[in-house]
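1. coords please:
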Amino acid sequence: MKQFKELGIAPPAQGFTGDKIKMSKILNRSIVVHDYKIEQSKFEKGNGKCLHMQVEVNGVKHIVFSGSTVLMETIKNVPADSFPFATTIVVENERFQFT
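-> Numbers count the residues shown, from 1 in each chain. Okay, the predicted model is just below:
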């Protein structure tokens with residue numbers, strides 16, 4: 001009989017931790033992005049998707065939500081082994097961007 005650990009079944013991914021924080025509170029500040037997911041948005045604005053990011057600001061973890069298609073398309077290009085990464089989110093030409 002096999003042991004459970006031999007089955008190679010991983011526990012489901014944990015949800016993000018920390019309090020929700022507005023994007024305006026982290027703009028132009030150094031942050032660390034630990035993880036993200038893109039889900040269907042409850043709003044119909046933009047592409048209908050919502051970016052959820054697990055970020056760290058001054059050593060405290062927070063969750064940030066954004067409908068920014070630029071951030072979504074950019075973060076999808078970050079290799080999984082490059083997380084976590086440090087960045088600053090700025091507004092350029094009325095769009096959020098990682099720097």
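2. What average pLDDT does the biggest strand by length in the chain get?
-> Ranked by number of residues, the top strand in the chain under DSSP state E is strand 30-40. Taken as a whole, strand 30-40 has an average pLDDT of 96.
3. What is the helix or strand following that strand packed up against?
-> Moving toward the C-terminus from strand 30-40, the first helix or strand encountered (DSSP states H and E) is strand 49-57. Applying 3 or more C-beta pairs under 8 Å, 6 or more residues apart in numbering; DSSP states H and E, we find strand 49-57 packed against helix 23-26, strand 30-40, strand 60-66, helix 69-75. Every C-beta, even on glycine, is put in place using the N, C-alpha and C of the backbone.
4. Any idea which of the ones you listed gets closest to T17?
-> With C-beta to C-beta as the measure, strand 60-66 is the member of the helices and strands packed on strand 49-57 nearest T17 (5.3 Å).
5. hmm, who's touching that closest one?
-> Strand 60-66 is contacted from outside by 16-23, 26, 34, 50-56, 72, 96, using C-beta atoms under 8 Å, 6 or more residues apart in numbering.
6. What pairs with that strand, parallel or antiparallel?
-> If you go by DSSP bridges, strand 60-66 pairs up with strand 19-20 (parallel), strand 49-57 (antiparallel).
7. Can you check what angle separates it from strand 30-40?
-> Here strand 60-66 points in a direction 40 degrees away from that of strand 30-40 (axes from the mean of the first three to the mean of the last three C-alpha atoms, to 10 degrees).
8. Show me which parts of strand 60-66 are buried, residue by residue.
-> Neighbour-count burial for strand 60-66 flags H62, V64, S66 (criterion: 16 or more other C-beta atoms under 10 Å).
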